[in-house]
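Chemist: Quick one, what's the 3D model for this:
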Amino acid sequence: PIMLLDISDAVRVNVFELGQTFLQLFRKLNLGSTMYIVDPALFVTKYAERLNLGLKKLAVTEVAIRITAQMNRDWIQTGRRPSGVCAVALQIAC
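Modeler: Model (predicted):
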(Lines give C-alpha, C1' and ligand atoms only; values in the text may rest on other atoms or scores of the structure.)
Protein backbone atom coordinates (compact mmCIF):
# COMPACT_ATOMS: atom_id res chain seq x y z
CA PRO A 1 0.00 0.00 0.00
CA ILE A 2 1.07 3.55 -0.72
CA MET A 3 0.16 6.42 1.57
CA LEU A 4 -0.82 9.90 0.39
CA LEU A 5 2.23 11.16 2.27
CA ASP A 6 4.51 9.10 0.01
CA ILE A 7 2.77 10.45 -3.10
CA SER A 8 2.92 14.05 -1.87
CA ASP A 9 6.67 13.68 -1.27
CA ALA A 10 7.18 12.28 -4.76
CA VAL A 11 5.21 15.01 -6.56
CA ARG A 12 6.13 17.77 -4.08
CA VAL A 13 2.57 18.76 -3.20
CA ASN A 14 1.19 19.58 0.22
CA VAL A 15 -0.25 16.38 1.70
CA PHE A 16 -3.38 18.14 2.96
CA GLU A 17 -4.13 19.62 -0.48
CA LEU A 18 -3.55 16.22 -2.02
CA GLY A 19 -5.91 14.66 0.54
CA GLN A 20 -8.64 17.17 -0.23
CA THR A 21 -8.25 16.56 -3.95
CA PHE A 22 -8.36 12.81 -3.37
CA LEU A 23 -11.60 13.08 -1.38
CA GLN A 24 -13.19 15.29 -4.04
CA LEU A 25 -12.19 12.84 -6.77
CA PHE A 26 -13.44 9.91 -4.68
CA ARG A 27 -16.85 11.56 -4.29
CA LYS A 28 -17.15 12.74 -7.92
CA LEU A 29 -16.39 9.27 -9.29
CA ASN A 30 -18.83 7.60 -6.88
CA LEU A 31 -16.23 5.04 -5.88
CA GLY A 32 -18.30 3.91 -2.94
CA SER A 33 -20.00 5.16 0.15
CA THR A 34 -17.15 4.36 2.51
CA MET A 35 -13.39 4.30 2.39
CA TYR A 36 -11.53 1.34 3.74
CA ILE A 37 -9.40 1.70 6.84
CA VAL A 38 -5.79 0.74 6.30
CA ASP A 39 -4.24 -1.76 8.67
CA PRO A 40 -0.99 -0.28 10.09
CA ALA A 41 0.54 -3.76 10.13
CA LEU A 42 0.87 -3.48 6.35
CA PHE A 43 3.52 -0.78 6.81
CA VAL A 44 5.59 -2.45 9.54
CA THR A 45 7.88 -4.28 7.11
CA LYS A 46 8.35 -1.18 4.96
CA TYR A 47 9.43 0.95 7.92
CA ALA A 48 11.49 -1.81 9.56
CA GLU A 49 13.62 -2.07 6.42
CA ARG A 50 14.41 1.64 6.63
CA LEU A 51 15.69 1.26 10.21
CA ASN A 52 18.67 -0.94 9.29
CA LEU A 53 18.04 -3.35 12.15
CA GLY A 54 20.27 -6.05 10.72
CA LEU A 55 19.67 -9.50 12.16
CA LYS A 56 17.01 -8.20 14.56
CA LYS A 57 14.75 -7.05 11.71
CA LEU A 58 12.64 -10.22 11.50
CA ALA A 59 12.11 -10.49 15.26
CA VAL A 60 11.30 -6.78 15.63
CA THR A 61 8.89 -6.94 12.68
CA GLU A 62 7.02 -9.91 14.14
CA VAL A 63 6.69 -8.25 17.55
CA ALA A 64 5.56 -4.95 15.97
CA ILE A 65 2.88 -6.73 13.94
CA ARG A 66 1.60 -8.41 17.11
CA ILE A 67 1.58 -5.03 18.87
CA THR A 68 -0.48 -3.43 16.09
CA ALA A 69 -2.92 -6.35 16.24
CA GLN A 70 -3.29 -5.88 20.00
CA MET A 71 -3.75 -2.12 19.52
CA ASN A 72 -6.52 -2.88 17.03
CA ARG A 73 -8.26 -5.28 19.43
CA ASP A 74 -8.08 -2.67 22.22
CA TRP A 75 -9.31 0.14 19.92
CA ILE A 76 -6.12 2.10 20.57
CA GLN A 77 -5.39 2.70 16.88
CA THR A 78 -8.88 4.02 16.06
CA GLY A 79 -8.67 7.59 14.78
CA ARG A 80 -4.89 7.54 14.47
CA ARG A 81 -2.70 7.66 11.39
CA PRO A 82 -1.42 4.24 10.32
CA SER A 83 2.14 5.51 10.05
CA GLY A 84 2.07 6.75 13.65
CA VAL A 85 0.68 3.46 14.95
CA CYS A 86 3.33 1.60 12.98
CA ALA A 87 6.10 3.83 14.32
CA VAL A 88 5.01 3.34 17.92
CA ALA A 89 4.79 -0.43 17.47
CA LEU A 90 8.30 -0.53 16.01
CA GLN A 91 9.66 1.65 18.77
CA ILE A 92 8.18 -0.58 21.45
CA ALA A 93 9.38 -3.70 19.63
CA CYS A 94 12.96 -2.46 19.49
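Chemist: and the longest helix along the chain, what's its mean pLDDT?
Modeler: The longest helix of the chain (DSSP state H) is helix 57-73. Regarding helix 57-73, the rounded mean pLDDT is 93.
Chemist: helices or strands next to that helix in the packing?
Modeler: Other elements packing on helix 57-73 under the criterion 3 or more Cβ pairs under 8 Å, 6 or more residues apart in numbering; DSSP states H and E are helix 41-50, helix 82-93. For glycine as for every other residue, the C-beta is placed from the backbone atoms N, C-alpha and C.
Chemist: Please produce a markdown table containing those, extended by mean neighbour count.
Modeler: Formatted as a markdown table, the helices and strands packed on helix 57-73 follow (neighbours: other Cβ atoms under 10 Å):
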| stretch | mean neighbour count |
| --- | --- |
| helix 41-50 | 17 |
| helix 82-93 | 19 |
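Chemist: can you redo the ones you listed as TSV with distance to residue 5 and mean pLDDT?
Modeler: Rendered in TSV, the data for these read as follows (distance: least, Cβ to Cβ, whole Å; pLDDT from 0 to 100):
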stretch	distance to residue 5	mean pLDDT
helix 41-50	11	89
helix 82-93	7	91
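Chemist: Distance to residue 63 added to those, as a markdown table?
Modeler: Below are those laid out as a markdown table (distance: least, Cβ to Cβ, whole Å):
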| stretch | distance to residue 63 |
| --- | --- |
| helix 41-50 | 10 |
| helix 82-93 | 4 |
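Chemist: so which of the ones you listed comes closest to residue 24?
Modeler: Nearest to residue 24, of all the helices and strands packed on helix 57-73, is helix 82-93, at 21.8 Å by Cβ to Cβ.
Chemist: neighbouring contacts of the longest helix of the chain?
Modeler: Identification of contacts with helix 57-73 by Cβ atoms under 8 Å, 6 or more residues apart in numbering yields 39-41, 44-45, 48-49, 51, 53, 77, 85-86, 88-90, 92-94.
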